[in-house]
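[1] What follows is a predicted structure for the sequence shown.
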Amino acid sequence: MRKVAVIGLDSVPPELLYDKLLDRLPNIRRMYEKGVHGKLRSCDPPITVPAWMVMMTGKDPGQLGIYGFRHRKGPSYGEGYIVNSTHVKERTVWEILSSHGKKSVVLGVPPGYPPKPVRDALIVSCFITPSADRPFTYPSQLKEEVLKAAGGKYIFDVTFRTENRDAIREELFDMTRRRFDVAEHLAKEHEWDFFIMHEIGFDRLHHAFWKFFDPQHPKYVRGNKYEKIDEEYYEMVDGRIGRLLEIFGEDCLTFILSDHGSKAMKGGFCINQWLEKEGYLAFKTDPTSVTDIDKAEVDWGRTKAWGWGGYYARVFFNVKGREAQGVLGPSALASEKKRLTERVLKIRDDAGKRMGNQVFEPEKLYKSTLGDKPDLMVYFGNLDWRSAGTVGHQGMYLSENDTGPDDSVHSMDGVMMMYDPRRSLKGAEVRGAEISQVAPLLLRAFGLDPAKEGIEVRPPDGMVERVA
């Protein structure tokens, strides 16, 4: 039985990889020209967590009960929690393979902390791991092996929302080199049928440096010192991918996948200030400086709705019998959702043009809605505008992120490539692929029936047919 490997590159958009940089990346170009490739539509919302678990379970965010990194805790006004591996109740590809006696190596797939025990699997946790002082591998003794392979220091993530770009660059390249050192070691020294690694560095590169290398970014300055940093980083990773392909060998089917794309951020839209203007949100004392909504003096007795910031806005209604100081009757919730949606769709940008916003109700978007879901989900301007949840700004539109430097936002399309060294697929393009199709695709590569594993099987998308 042949092997299957996934190289997960977080946040890589087809416009950057395929259209701009491909000719500079000989190993990825070989995979592109001899394999199959296409765009890979992300989930709603297109965020690292939940996207990788949608990809690896075949379930949507509602079925997973995961709508982003940070979640509101029940009906509370200010309490929240960060999603971790214990919140994932559905079986991943490697857990399913384990039940069929297959061995896996899982490196850094989020949310992977704390590492879950899986029979016949070696697991290294992801970028949400607090530090290397914590247990971050399964089995536990794998930790010392990982640290040794990484040169004595394993880096889970970098601090990227800072103006010190020199420091970001140094730590970013260092982190990624060490990750690939570990990947090479695990791939060479251990038996496996399925290998998957995740590199968060691309996401951090884009958020910290997009305005420096993209001429279309509103804050791009020609000739800046980081103008070629995208080329430098992608070229470095391409070299490491080439080394992995040699280790994987001729009998390995290899995928490159990204969970969503990236693009220039136009700015931030102050969702809570807008809700105040529209009469949904009231304060006991008006904020006199930029303040997080959770720390502002909200008058809950006069507030019908409030929002959270992020790459999309989560809107919560203040409902009687659900929230402690609810003011909106449960029977009025549906009509208030409709009314607020109509207003959001009419919002104009700072130039006076319709933003082209989208509003979703989780109950209508997903097959089911487990966990702590928002009442409404809002994309501002096709996700070009970030949702700013803080209050106390001078205007409704921000040219910067309100929680620290950030040059990019997420886009819906990531990338998908499949490479079989034993045969040429002539660079065929696959269209219409979605990340929920990845798990069944991988299982089929092992000759398994996804439907028997509880994963909905969709019609073949072209790439599936080529795996068979």
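    Looks like it arrived, so ask away.
[2] Surely M418 is in contact with V36?
    Yes. Applying Cβ atoms under 8 Å as the test, M418 and V36 come out as touching, 5.1 Å apart. Heads up, the C-betas are built off the backbone N, CA and C, glycines and all.
[3] Mind listing residues that contact stretch 266-275?
    218, 281, 293, 305-309, 313, 315, 347, 349-350, 355, 378, 380-381, 384-391, 393, 395-402 (Cβ atoms under 8 Å, 6 or more residues apart in numbering).
[4] Residues in contact with stretch 448-456: which ones?
    With Cβ under 8 Å, 6+ apart, stretch 448-456 has contacts from 57-59, 91, 96, 100, 439-440, 443-444, 457.
[5] buried set for it?
    448, 450, 453, 455 (16 or more other Cβ atoms under 10 Å).
[6] Let me see the mean pLDDT of that stretch.
    Stretch 448-456 shows an average pLDDT of 93 in the prediction.
[7] Can you give the distance of that stretch from its chain's centre?
    Centre-to-centre, stretch 448-456 and its host chain are 25 Å apart (Cα atoms, centre = their mean, to the nearest Å).
[8] Report the backbone C-alpha coordinates of that stretch in CSV.
    Extracted C-alpha coordinates of stretch 448-456, given in CSV (Å, rounded to 0.1, in the frame of the first residue of the first chain):
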residue,chain,number,x,y,z
LEU,A,448,-11.5,3.4,2.3
ASP,A,449,-15.2,4.3,1.9
PRO,A,450,-15.8,7.7,3.5
ALA,A,451,-19.5,7.0,3.8
LYS,A,452,-18.8,4.0,6.0
GLU,A,453,-16.7,6.3,8.3
GLY,A,454,-19.6,8.7,8.8
ILE,A,455,-18.4,11.3,6.2
GLU,A,456,-20.8,12.6,3.6
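[9] between M418 and V36, who's got more neighbours?
    M418 (25 against 22; other Cβ atoms under 10 Å).
[10] Tell me the predicted confidence for the more buried one.
    At M418, pLDDT is 96.
[11] On the three-state scheme, it is what?
    Three-state call for M418 (DSSP: H, G, I helix; E, B strand; the rest coil): strand.
[12] now do K263
    strand.
[13] I'd like to know how far it sits from G65.
    28 Å (Cβ to Cβ, to the nearest Å).
[14] Using CSV, please lay out the contacts of stretch 448-456 together with secondary structure, neighbour count and distance to E191.
    Formatted as CSV, the contacts of stretch 448-456 follow (DSSP: H, G, I helix; E, B strand; the rest coil; neighbours: other Cβ atoms under 10 Å; distance: Cβ to Cβ, whole Å):
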residue, secondary structure, neighbour count, distance to E191
T57, helix, 24, 25
G58, coil, 29, 26
K59, coil, 28, 29
R91, coil, 20, 22
I96, helix, 25, 18
H100, coil, 13, 15
A439, helix, 25, 23
P440, helix, 22, 25
L443, helix, 24, 20
R444, helix, 17, 22
V457, coil, 16, 29
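[15] In JSON lines, list those along with distance to R134.
    Converted to JSON lines, these look like this (distance: Cβ to Cβ, whole Å):
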{"residue": "T57", "distance to R134": "25"}
{"residue": "G58", "distance to R134": "30"}
{"residue": "K59", "distance to R134": "28"}
{"residue": "R91", "distance to R134": "25"}
{"residue": "I96", "distance to R134": "27"}
{"residue": "H100", "distance to R134": "31"}
{"residue": "A439", "distance to R134": "28"}
{"residue": "P440", "distance to R134": "34"}
{"residue": "L443", "distance to R134": "32"}
{"residue": "R444", "distance to R134": "36"}
{"residue": "V457", "distance to R134": "38"}
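[16] So among the contacts of stretch 266-275, which ones count as buried?
    Buried among these by 16+ other Cβ under 10 Å: 281, 293, 305-309, 313, 315, 347, 349, 355, 378, 380-381, 384-391, 393, 396-398, 401-402.
[17] so E95 sits right up against V118, yeah?
    Yes. E95 is within contact range of V118, at 5.6 Å (criterion: Cβ under 8 Å).
[18] Now list whatever residues contact both of these two.
    With Cβ under 8 Å, 6+ apart, E95 and V118 have no common neighbours.
[19] Give me the distance between P374 and L97.
    According to Cβ to Cβ, P374 and L97 sit 34 Å apart.
[20] The two: which has the busier surroundings?
    Each of P374 and L97 has its neighbours counted (other Cβ under 10 Å); L97 has more, 25 against 22.
[21] by contact count, what packs against the strand or helix carrying that one?
    Element membership of L97 [criterion: DSSP states H and E] is helix 93-98. Other helices and strands packing on helix 93-98, by 3 or more Cβ pairs under 8 Å, 6 or more residues apart in numbering; DSSP states H and E, are helix 48-57, strand 104-107, strand 121-124, strand 194-199, helix 438-445.
[22] For that helix, give the mean pLDDT please.
    pLDDT averaged over helix 93-98 gives 98.
[23] Can you pull out the residues in contact with it?
    56-57, 103-104, 106, 118-121, 193-194, 196, 439, 442-443, 446, 448, 453.
[24] any idea of the pLDDT on G389?
    Per-residue confidence for G389 comes out at a pLDDT of 96.
[25] Correct me if wrong: it contacts L398.
    No. The pair G389 / L398 is not scored as a contact, 11.3 Å apart, by Cβ under 8 Å.
[26] how about the helices in the stretch 101-250 of the chain?
    142-149, 165-189, 201-213, 229-248 (DSSP state H, counting those that start in this stretch).
[27] Of the ones you listed, which is nearest K338?
    K338 sits nearest to helix 201-213 of all those, at 34.7 Å, using Cβ to Cβ.
[28] Now do that closest one against helix 48-57, angle only.
    130 degrees (axes from the mean of the first three to the mean of the last three Cα atoms, to 10 degrees).
[29] where does the closest residue to P130 other than its chain neighbours land on pLDDT?
    Nearest residue to P130, sequence neighbours excluded (Cβ to Cβ, 6 or more residues apart in numbering): Y113, at 7.7 Å. Note on Y113: pLDDT of 98.
[30] returning to that earlier point: nearest to V237, of the contacts of stretch 448-456?
    Closest approach to V237 among the contacts of stretch 448-456 (Cβ to Cβ): A439, at 24.5 Å.
[31] Please verify my assumption that the closest one contacts W52.
    No. Using Cβ under 8 Å, A439 makes no contact with W52, being 10.8 Å away.
[32] Report the contact partners of F156.
    With Cβ under 8 Å, 6+ apart, F156 has these contacts: 108, 125-129, 131-132, 136, 175.
[33] Just the buried ones from the residues you listed?
    Buried, going by 16+ other Cβ under 10 Å: 108, 125-129, 132, 136, 175, out of the contacts of F156.
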